[in-house]
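Chemist: Model the structure of this input:
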Amino acid sequence: MTAQLRCPRCKSEVDASAAKPGSIIKCLHCRADMRVPDAPAGSGPPKASGGRQSTLFRRMANAAVPGQRGRVVAGPTFSGDGRGASKRGSDMSGLYMGGGIVGVIAIVVVIAVMMSGKSPEPGTQGGPKKLTRTPPPPPVAPPAPAPEPIKPPSERGSGPPSSWEPDAASRMQATVNPVPCESALEKEALGYIRAGNTDRINSAPYHYLPFVLNSLITEDRELAKGAFAALAAFCQHQRILLTGEKNPVDLGWVNSAEYRAYIYQDWAGKWWGQNSRKLIDAPIGAGELAAVDKVDWESQVRQLIGGSYYDSTTPSGTTFLKVKAYGRAAWPKLANLIDHEDLSVGQAAASVLNELTGQKRPRPTEANRAEVKAGWLSWISSQK
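Modeler: Residues are numbered from 1 along each chain as shown. Take a look at the predicted model:
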């Protein structure tokens with residue numbers, strides 16, 4: 001009589017009719033242990049519809065096959081004709097395996113969707129993201145070469161004009177303000193320029209040279225020519241010379257309006273602002289006096305013994321440029337050394353003073369050095 005047991009784990013029904021009461025059998029589906037109840041022979045649920053039990057079914061139910069002694073222990077694998085309960089267990093195992101494969105595929109699909117689901121860049125309309133590269137910066141252009149200095153007309157290969165060219169002010173390359181002048185000296189200064197009294201102009205250039213510079217571009221032809229002559233004499237007097245002792249003011253080009261404008265721009269626009277405070281009659285500032293007081297003047301003058309003041313490659317030439325840069329504040333310091341106990345020091349101091357001021361005073365000797373010193377100090381005092 002067939003006995004059906006329900007698995008307490010998976011709730012599947014297992015045929016236990018061939019098992020002994022009280023024996024333990026295993027569930028064909030989950031392999032759980034089940035105890036066959038002690039029941040009277042012939043009792044139990046009615047047999048399920050179907051024919052005889054197959055040998056395979058009996059083995060799976062852990063029952064003895066007719067003609068076989070002992071129990072049959074169910075194992076993880078078995079063989080049979082593929083019918084009955086064994087076929088049902090095989091179908092369930094394939095279902096579990098298929099479910100696992102489907103789960104793995106589903107996870108892969110979800111990950112792929114998440115990776116491809118990022119918002120596309122604007123303008124791509126949901127398409128794949130395009131990789132964009134930042135363009136390299138443009139190459140840095142090399143610095144433009146410095147413009148060549150504008151050459152005066154006298155250095156361009158053509159000759160000067162034979163007749164006077166008016167309107168020099170319109171030929172200037174840049175705007176230059178007139179040099180400030182002392183209005184009280186205007187009549188006197190213009191008289192010196194017209195008369196060619198360059199010695200008087202050179203004796204007080206800080207006061208008179210502004211009138212000379214402003215007259216370079218005047219439409220008064222005679223005054224302009226006189227101003228060029230006075231400026232050329234000033235350059236010679238101050239030793240402002242080009243290579244080869246050439247005067248920077250070329251009187252042969254006075255007729256050229258462009259040349260007059262060029263010289264005016266160079267002197268009124270540049271030279272005066274950079275050098276006027278060094279002129280012999282320029283006022284002395286407190287800062288200049290303080291700087292001069294810190295100089296070891298005896299040491300400086302000793303380096304000037306022997307001359308060569310205008311050769312900048314020699315120690316004396318270099319020192320002369322330094323002394324000249326102090327302007328007229330250096331004059332009293334040099335004059336006080338004229339009566340130095342070392343006569344060579346006094347003579348060098350007097351020579352430098354003559355070069356700086358344009359004077360032609362005598363050199364000191366053992367007999368007259370006190371007198372020469374007093375003469376210099378008196379003249380310097382009169383220039384204030």
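Chemist: Ala141: how many residues sit nearby?
Modeler: 6 (other Cβ atoms under 10 Å). Placement of C-beta: from N, CA and C, glycine included.
Chemist: Just the CA trace of the strand or helix carrying Asp199, in CSV.
Modeler: Asp199 belongs to helix 198-203 when elements are defined using DSSP states H and E. Taking C-alpha atoms only, helix 198-203 is exported to CSV below (Å, rounded to 0.1, in the frame of the first residue of the first chain):
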residue,chain,number,x,y,z
THR,A,198,78.3,132.8,-25.9
ASP,A,199,80.8,133.5,-23.1
ARG,A,200,78.1,135.2,-21.1
ILE,A,201,75.6,132.4,-21.8
ASN,A,202,78.1,129.7,-20.7
SER,A,203,78.9,131.5,-17.5
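Chemist: average pLDDT across whatever helix or strand Thr319 lives in?
Modeler: Thr319 belongs to helix 315-325 when elements are defined using DSSP H and E. Averaged over helix 315-325, pLDDT sits at 83.
Chemist: Now that helix: buried residues?
Modeler: Ser316, Gly317, Thr319, Phe320, Val323, Lys324 (16 or more other Cβ atoms under 10 Å).
Chemist: which residues does the last one contact?
Modeler: Pointing back at Lys324 there. Listed by Cβ atoms under 8 Å, 6 or more residues apart in numbering, the contact set of Lys324 reads Lys278, Ala330, Leu356.
Chemist: excluding its backbone neighbours, what's nearest the second one?
Modeler: Spelled out, it's Ala330. Val323 (5.5 Å; Cβ to Cβ, 6 or more residues apart in numbering).
Chemist: for the stretch 51-200 of the chain, what are the low-confidence residue spans?
Modeler: Across the stretch 51-200 of the chain, the ranges flagged by pLDDT under 70 are 51-96, 113, 115-131, 145-150.
Chemist: mind redoing it with 50?
Modeler: Along the stretch 51-200 of the chain, the model assigns pLDDT under 50 to residues 51-53, 56-57, 61-90, 123-124.
Chemist: avg pLDDT for stretch 255-271?
Modeler: Per-residue scores along stretch 255-271 average to 94.
Chemist: What of stretch 373-384?
Modeler: On average, stretch 373-384 scores 88.
Chemist: if I look at the most centrally placed residue in the chain, how far off is Thr134?
Modeler: Nearest to the mean C-alpha position of the chain, by Cα atoms, centre = their mean, lies Val140 at 12.1 Å. Val140 is 17 Å from Thr134, where distance means Cβ to Cβ, to the nearest Å.
Chemist: just the CA coordinates of stretch 20-40, formatted as CSV?
Modeler: Below are the C-alpha coordinates for stretch 20-40, written out as CSV (Å, rounded to 0.1, in the frame of the first residue of the first chain):
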residue,chain,number,x,y,z
LYS,A,20,10.0,0.3,6.8
PRO,A,21,8.0,2.0,9.5
GLY,A,22,10.3,4.0,11.8
SER,A,23,13.0,4.2,9.2
ILE,A,24,14.6,7.5,7.9
ILE,A,25,14.4,8.5,4.3
LYS,A,26,15.5,11.6,2.4
CYS,A,27,13.5,14.0,0.4
LEU,A,28,14.1,13.6,-3.2
HIS,A,29,14.0,17.4,-3.8
CYS,A,30,15.8,19.1,-0.8
ARG,A,31,17.5,16.0,0.7
ALA,A,32,15.9,16.6,4.1
ASP,A,33,15.5,13.7,6.5
MET,A,34,12.0,12.3,7.0
ARG,A,35,10.9,9.6,9.4
VAL,A,36,8.5,7.0,8.3
PRO,A,37,5.7,6.8,10.9
ASP,A,38,4.9,3.5,12.7
ALA,A,39,1.6,2.6,11.2
PRO,A,40,-0.3,-0.7,10.9
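Chemist: I'd like the distance from that stretch to the chain centre, please.
Modeler: Distance of stretch 20-40 from the chain centroid (Cα atoms, centre = their mean, to the nearest Å) equals 91 Å.
Chemist: Check stretch 189-196 too.
Modeler: The answer for stretch 189-196 is 56 Å, by Cα atoms, centre = their mean.
Chemist: Stretch 253-266 too?
Modeler: Its chain's C-alpha centre and that of stretch 253-266 lie 42 Å apart, by Cα atoms, centre = their mean.
Chemist: which element follows the helix or strand where Val108 lies toward the C-terminus?
Modeler: Counting by DSSP H and E, the element that carries Val108 is helix 85-116. Proceeding N to C from helix 85-116, the next assigned helix or strand is helix 186-195, under DSSP H and E.
Chemist: how much space between the residue nearest to Ala330 and Gly358?
Modeler: 15 Å.
Chemist: buried ones in the helix holding Asp199?
Modeler: Thr198, Ile201, Asn202, Ser203.
Chemist: can you tell me the average pLDDT over the following helix or strand past that helix?
Modeler: Using DSSP H and E, the next helix or strand after helix 198-203 towards the C-terminus is helix 205-214. Helix 205-214 comes out with an average pLDDT of 94.
Chemist: what's next to helix 205-214, contact-wise?
Modeler: Under Cβ under 8 Å, 6+ apart, the answer for helix 205-214 is 178-182, 185-186, 189-190, 192-193, 200-201, 227, 230-231, 234, 238, 264, 267-268, 272, 276, 279-283.
Chemist: Now restrict those to buried residues only.
Modeler: 179, 181, 189-190, 192-193, 201, 227, 230-231, 234, 238, 264, 267-268, 272, 276, 279-280, 282.
Chemist: follow-up on the earlier one: which element follows the helix holding Thr319 toward the C-terminus?
Modeler: With DSSP H and E, the next secondary element past helix 315-325 is helix 331-335.
Chemist: what's in contact with that next one?
Modeler: Taking Cβ under 8 Å, 6+ apart as the rule, helix 331-335 contacts 280, 292, 295, 297, 301, 323, 349-350, 352-353, 356-357, 373, 376-377, 380.
Chemist: Now do the helices in the stretch 201-350 of the chain.
Modeler: Here the stretch 201-350 of the chain has its helices, by DSSP state H, counting those that start in this stretch, at 205-214, 221-237, 257-266, 272-275, 286-293, 297-302, 315-325, 331-335, 343-357.
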